[in-house]
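*Asks:* From the sequence below, what's the structure:
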Amino acid sequence: TTVDIEEKGVRLRLTVVDTPGFGDAVDNRKCWQPIIEFINEKYDQYFRDESGLNRRNIEDHRVHCCLYFIDPTGHGLKPLDIEFMKQLHNLVNIIPVIAKADT
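*Replies:* Coordinates of the predicted model:
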């Protein structure tokens, strides 16, 4: 889902990418790898565009932030949550969000 936002003459395109089913597999080893590859692909594309001759109209599709929703059951972070954030913290800003308990 993509939304264009403008405030005081500054335009921003906000894209939200959902990852349904993350961590639901029987074997969750390296389940974050497709997400890391997606983020790296966007950075590589931006770098290629910046290195080209026509840099005037480059669209920025990089991932700048990860909203990481935490299960509100009160049992704390699962090992998968911690490992995922360790793997991603060098690539993007991570904002942990405790999900609503009634959702």
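*Asks:* Then Val3 would be within a helix, right?
*Replies:* No. Counting by DSSP: H, G, I helix; E, B strand; the rest coil, Val3 falls outside a helix, being strand.
*Asks:* For the lowest-mean-pLDDT helix or strand in the chain, which helices and strands make contact with it?
*Replies:* Least confident helix or strand, the chain: strand 10-15 with a mean of 85, by mean pLDDT, DSSP states H and E. Using 3 or more CB pairs under 8 Å, 6 or more residues apart in numbering; DSSP states H and E as the contact test, the elements touching strand 10-15 are strand 2-7. (C-beta placed from N, C-alpha, C; glycine too.)
*Asks:* So what touches the strand it packs on?
*Replies:* 11-16 (CB atoms under 8 Å, 6 or more residues apart in numbering).
*Asks:* and if we set it to 6 Å?
*Replies:* 12-15 (CB atoms under 6 Å, 6 or more residues apart in numbering).
*Asks:* looking at it, His61 is touching Lys42, isn't it?
*Replies:* Yes. Using CB atoms under 6 Å, His61 makes contact with Lys42 at a distance of 5.0 Å.
*Asks:* Which one's more surrounded, those two?
*Replies:* Set His61 next to Lys42 and count neighbours by other CB atoms under 10 Å: Lys42 wins out with 17 against 14.
*Asks:* quick one, phi psi at the more buried one?
*Replies:* phi -70, psi -40 (degrees, to the nearest 10).
*Asks:* what does His75 give?
*Replies:* Torsion angles, degrees, to the nearest 10, at His75: phi -90, psi 10.
*Asks:* got it, and Asn93?
*Replies:* According to degrees, to the nearest 10, Asn93 has phi -70, psi 130.
*Asks:* Now it: closest residue in space that isn't a chain neighbour?
*Replies:* Spatial nearest neighbour of Asn93, excluding adjacent residues (CB to CB, 6 or more residues apart in numbering): Cys65 at 4.8 Å.
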